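Asker: using only what follows, build the 3D model:
(one chain, ligands or ions: 1)
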Amino acid sequence: LEREEPTHFGAGPAQLPTEVLQQAAKDLLNYNNLGLGIGEISHRSKDATQIIESSKQNLKELMNIPDTHEVFFMQGGGTTGFSSLATNLAAAYVGKTGQIANAGYLVTGSWSLKSFQEAKRLHVPCEIIFNSKDFNDEGKFVDIPDESLWEDRVKGKKFSYVYLCENETVHGIEWNQLPKCIVDDPNIELVADLSSDILSRKIDVSKYGVIMAGAQKNIGLAGLTLYIIKKSILTNIEKVDDTLLHEFDIPVTPIAFDYPTVVKNNSAYNTIPIFTLHVMNLVFEHLIKKGGVEAQEKENDAKAKILYDILDAYPNFYNLPVKPNARSRMNVVFTLKKEGLDEKFLKDAAERKLTGLKGHRSVGGFRASIYNALTLASVEKLVQFIKDFAVENQ
Ligand code: PLP
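Answerer: Sure, this is the predicted structure:
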């Protein structure tokens, strides 16, 4: 079971560490010498329970998760995450206050926008606090507006929760620090989508009400979502009588996505994809062995730096639409200034086995996704190509 180290820069599903996949391949066939694969046993068996417990423990260690927070896993992906967050968190607010309030969305790209649209579609009371498109002349998702420009829309107001997407995968925009006016307000629960940057850098979990992340970028295969939630939010959801939600015209969460139900059943209320969770746990173990999030962050910073540096070195040839302070360390978006060269760029890159570079259809150009498992050596190959391509074609 061998392969050459991939140099695939696709936005996801992303590559995983080769040794993780080698182990997973063996365990898919015969786990722990059971004579059965890990996907062929009950999700309530001793072995499955051990995987759930071990995954929780490893994640707690990696992210230094305080006792105030609970970890759980649920079927689905990022979309299941933001849909279920809306109904669970609206219920939590009703449970806590006996009232309703709007959820506030900080819109910085297509994923936070979709999350807002979904909350609205579900009839969860919500509003956009700001849409970053309104803060630049281009009317595009290219930066994150300074807090001083929008904090008045938050101060003194009640929100059931405030939502942001920490890394906008499509537009290559990342929150490089959390907004102070949100995290410093004890009455606001910060809810964040970390689908495309979880475990890529150190964060302070205590500042979040809920973190959710689909697995298929930094931590595993599609099909599973990870949640880290403040225990008090779970208690508040449990307090709610469904009739009160009906009265407020807020949807009741489907049972498989009801957070307290999932937590009470140790992430196995219904059939959890245990192979997928096992792969995630192998990724966690791999990261712990590698030196944890701190080591990964250093590597990620180095990868992002050489890539942005080379693109910045040819300002007449490459265009970087995202403002420097909002540049993502995971998804590097760029375009060519010269017209008619896009196809050639992709073709020449593919000749060097550099693939997955086409930008999202809504943005165009190129996007190099450099998630945790992509090595510095692979990024160095891309950097060399970007340089050569500019020199040969400018
Ligand atoms: N959130 C972010 C930041 C994403 O990048 C994605 C997918 O790329 C999603 C949510 C949606 O994830 P899924 O396709 O697993 O529903």
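Asker: just checking, what packs against the helix or strand where residue 225 lies?
Answerer: For residue 225, the host element (DSSP states H and E) is strand 223-230. Under the contact criterion of 3 or more Cβ pairs under 8 Å, 6 or more residues apart in numbering; DSSP states H and E, strand 223-230 touches helix 46-63, strand 69-76, helix 78-97, strand 210-214, helix 259-264, helix 274-290. Glycine gets a C-beta too; all of them are placed from N, C-alpha and C.
Asker: now with 7 Å?
Answerer: In terms of contacts (3 or more Cβ pairs under 7 Å, 6 or more residues apart in numbering; DSSP states H and E), strand 223-230 is packed against strand 69-76, helix 78-97, strand 210-214, helix 274-290.
Asker: list of residues touching the next helix or strand after that strand?
Answerer: Note on strand 223-230: by DSSP H and E, the next helix or strand toward the C-terminus is helix 231-239. The contact list for helix 231-239 (Cβ atoms under 7 Å, 6 or more residues apart in numbering) reads 68-70, 88, 91-92, 95-96, 189, 209-210, 259-260, 263.
Asker: hmm, which two among the residues you listed are most spread apart?
Answerer: Pairwise distances across the contacts of helix 231-239 peak at 19.7 Å for 68 and 91 (criterion: Cβ to Cβ).
Asker: of those two, which one has the most company?
Answerer: More crowded of residue 68 and residue 91, by other Cβ atoms under 10 Å: residue 91, with 29 against 11.
Asker: verify the contact between the more buried one and residue 245 for me.
Answerer: Yes - using Cβ atoms under 7 Å, residue 91 makes contact with residue 245 at a distance of 6.2 Å.
Asker: so how far is residue 312 from residue 174?
Answerer: Using Cβ to Cβ, to the nearest Å, we find residue 174 at a distance of 17 Å from residue 312.
Asker: between the two, tell me which one has more neighbours.
Answerer: More neighbours surround residue 174 than the other of residue 174 and residue 312, with 26 against 12 (other Cβ under 10 Å).
Asker: so who does that one touch?
Answerer: 166-167, 197, 326-330.
Asker: now do residue 204
Answerer: Residue 204 neighbours (Cβ under 7 Å, 6+ apart): none.
Asker: try 10 Å this time
Answerer: 63-64, 66, 178, 183 (Cβ atoms under 10 Å, 6 or more residues apart in numbering).
Asker: can I get those in a markdown table with neighbour count, pLDDT and distance to residue 75?
Answerer: Shown next, in a markdown table, are those (neighbours: other Cβ atoms under 10 Å; pLDDT from 0 to 100; distance: Cβ to Cβ, whole Å):
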| residue | neighbour count | pLDDT | distance to residue 75 |
| --- | --- | --- | --- |
| 63 | 21 | 98 | 22 |
| 64 | 13 | 98 | 27 |
| 66 | 13 | 98 | 26 |
| 178 | 18 | 97 | 28 |
| 183 | 16 | 96 | 30 |
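Asker: surely residue 144 touches residue 133?
Answerer: No - with contact defined as Cβ atoms under 10 Å, residue 144 does not reach residue 133; the gap is 11.5 Å.
Asker: so between those two, which is more surrounded?
Answerer: residue 144 (24 against 16).
Asker: quick one, phi psi at the nearest residue to the more buried one once chain neighbours are set aside?
Answerer: Of all residues not flanking residue 144 in the chain, residue 326 sits nearest, at 4.6 Å (Cβ to Cβ, 6 or more residues apart in numbering). Torsion angles at residue 326 (phi, psi; degrees, to the nearest 10) stand at phi -120, psi 10.
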